[in-house]
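J.: Compute the structure for the input listed below.
(chains A, B, C and D)
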2 protein chains.
Amino acid sequence: MARVPYREQMLQVRENAIVEVVNRLLATKGYDLMTVDEVAAEAGLAKASLYKHFTSKDELAGAAMVRVLELAIAHVNELLKAPDRTPVAQLQSVVRWTLQVQLAGEMPSLPAQNSKLSASLRANRKYMDRLFELSDKLGAWIEQAQKDGQVDPALPSELVLYTLFARACDPVLGMLKASGQYSDPQMIEWLVATTFRGLAPGLPS
Amino acid sequence: MARVPYREQMLQVRENAIVEVVNRLLATKGYDLMTVDEVAAEAGLAKASLYKHFTSKDELAGAAMVRVLELAIAHVNELLKAPDRTPVAQLQSVVRWTLQVQLAGEMPSLPAQNSKLSASLRANRKYMDRLFELSDKLGAWIEQAQKDGQVDPALPSELVLYTLFARACDPVLGMLKASGQYSDPQMIEWLVATTFRGLAPGLPS
DNA sequence: GTCTATAGCCAGATAGAC
DNA sequence: GTCTATCTGGCTATAGAC
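T.: Next up is the predicted model:
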């Protein structure tokens, strides 16, 4: 164990706190309504100090995305310790986890078509690394599930991957939640069921 | 036929042109990146003149949403002329239509969680009227499809409705399109198939 | 109703002292 | 690295002449 200087630890702790604030604000208000002033205020430091840690608003968003990707990867790694489960069961567990994060108000949401932010994210090496890492792990399960016939082999595996990513920010959950009529587990199971039933092979006709 | 004054017709034509510009810009850049200057420039009039027609940017967005809802309702009304088709076939046709609109780059996208704009839309009577009208028509088909057992009766009908609305702006289509490997009809059929297979009843087990 | 010109504001980013 | 104070640009919206 290399010894980490005390000051660096403090820095890390502070930056983590900032990123958590960003994450929550992105989840509740979205990128455009989140202001840097607000982030600074909630994190308890001046805006100029914030800019010493992160050089732009884009970078703040990127850090939050990296954080959630790392959480997802950690979850996947936990699942890999139970290799007796079927690939499709593993995938379902991942989707269930993303829905729980969404219900907890902790899933950051970025504007899908904001070209400036998208470009910034694509240029963010840490973000892209994590994204590929997660995609690879999920991709392996997807292809295995297709071989097993639990996911329709006629579908391109990337379609399946995109679908799972899309469910992580699916507005349906929020709309159901807003109606206030259903329990969290009930909603999650409906969404998991409809998602994977949709990806399953059709009846051999 | 009541005679409509020439000037009013011209007004109408011009406002339609404006709304189409707004629609395209909302579809390509989204609400936040769309500027009123840009709308005015592309519509070929000065910004101040634009504000004589629409009193705010919110109202512009509202008009574009009304337009697309009216197109959807018109499509549904066409389908109602073929009452021999099953309810689920009608619903599939509607989803297929929304995906085509999306592929054509004509599906306006608003920030889901922008509270200011959401509030403005909820206060927009014309928008709310159209939204309810469309929901009612789709809801009738949904409940019939559930009685017929083509859509899972165990699912709340509003979940089905929300799912269909969500597919109209599903990012999966854009991601597939970006990969450039598949034809438009192929992508649309995959999405329609996975959506409705997901909503269908499970195997009686 | 159309234009030019501008007001007013807000948010991202920075200067410079400590 | 932290702060206060400020700059800057771009955006919505409006004034006022025609």
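J.: Quick one: residues contacting residue A:159.
T.: Shown in contact with residue A:159 (CB atoms under 8 Å, 6 or more residues apart in numbering or on different chains): B:172, B:176, B:190. (Each C-beta comes from the backbone N, C-alpha and C, glycine too.)
J.: where does chain A dip in pLDDT?
T.: Low-confidence segments of chain A (pLDDT under 70): A:1-3, A:204-205.
J.: could you redo the last one with a cut-off of 90?
T.: A:1-11, A:83, A:109-116, A:202-205 (pLDDT under 90).
J.: residue ranges of the helices in it, please?
T.: Ranges of helices in chain A, per DSSP state H, are A:6-28, A:36-43, A:47-53, A:57-79, A:87-103, A:115-122, A:125-148, A:157-167, A:171-179, A:184-199.
J.: Can you tell me how far the residue nearest to residue A:25 when sequence neighbours are not counted is from residue B:49?
T.: Of all residues not flanking residue A:25 in the chain, residue A:34 sits nearest, at 4.4 Å (CB to CB, 6 or more residues apart in numbering or on different chains). With distances taken as CB to CB, to the nearest Å, residue A:34 is found 34 Å from residue B:49.
J.: same question, residue A:80
T.: 62 Å.
J.: circling back: distance to residue B:182 added to the helices of chain A, as CSV?
T.: As requested, the helices of chain A are exported to CSV (distance: least, CB to CB, whole Å):
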stretch, distance to residue B:182
helix A:6-28, 31
helix A:36-43, 40
helix A:47-53, 42
helix A:57-79, 26
helix A:87-103, 22
helix A:115-122, 21
helix A:125-148, 17
helix A:157-167, 9
helix A:171-179, 25
helix A:184-199, 17
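J.: Could you list the contact residues of chain A toward chain B?
T.: Counting by CB under 8 Å from any CB of the partner chain, the residues of chain A close to chain B are A:28-30, A:32-33, A:109, A:111-116, A:155-156, A:158-159, A:162-163, A:166, A:170-172, A:174-176, A:179, A:181-182, A:190, A:193-200, A:202.
J.: and if we set it to 6 Å?
T.: When proximity is defined by CB under 6 Å from any CB of the partner chain, chain A lies next to chain B at A:30, A:32, A:111-113, A:162-163, A:166, A:171-172, A:175, A:194, A:197-199.
J.: Most widely separated two among these?
T.: By the measure CB to CB, A:32 and A:197 form the most distant pair in the residues of chain A next to chain B, at 35.0 Å.
J.: Show me what counts as buried in stretch A:165-185.
T.: A:165, A:166, A:167, A:168, A:169, A:170, A:171, A:172, A:173, A:174, A:175, A:176 (16 or more other CB atoms under 10 Å in any protein chain shown).
J.: and DNA strand D, which of those residues contact it?
T.: For DNA strand D, no contacts are drawn from the buried residues of stretch A:165-185 by CB under 7 Å from any atom of the strand.
J.: Quick check: of the contacts of residue A:159, which lies closest to residue A:74?
T.: residue B:172 (25.3 Å).
J.: Count the residues that sit near residue A:114.
T.: 20 (other CB atoms under 10 Å in any protein chain shown).
J.: roughly how far apart are it and DNA strand D?
T.: From residue A:114 across to DNA strand D, the span is 12 Å (CB to the nearest atom of the strand, to the nearest Å).
J.: Likewise for residue A:109?
T.: According to CB to the nearest atom of the strand, residue A:109 and DNA strand D sit 21 Å apart.
J.: related to what we said a few turns ago, so residue A:34 and residue B:49 - more neighbours on which side?
T.: Per other CB under 10 Å, whichever of residue A:34 and residue B:49 has more neighbours is residue A:34, with 22 against 13.
J.: Get me the contact residues on chain A for DNA strand C.
T.: Proximity of chain A to DNA strand C (CB under 7 Å from any atom of the strand) is limited to residues A:34, A:35, A:36, A:37, A:47, A:48, A:51, A:55, A:56, A:57, A:58.
J.: The contacts of residue A:159: which ones sit near chain A?
T.: Filtering the contacts of residue A:159 for proximity to chain A by CB under 6 Å from any CB leaves residue B:172.
J.: and which of the contacts of residue A:159 is nearest to chain A?
T.: Nearest to chain A among the contacts of residue A:159: residue B:172, at 4.7 Å, using CB to the nearest CB.
J.: quick one: that closest one and residue A:162 touch, right?
T.: Yes - judged on CB atoms under 6 Å, residue B:172 makes contact with residue A:162 at a distance of 4.7 Å.
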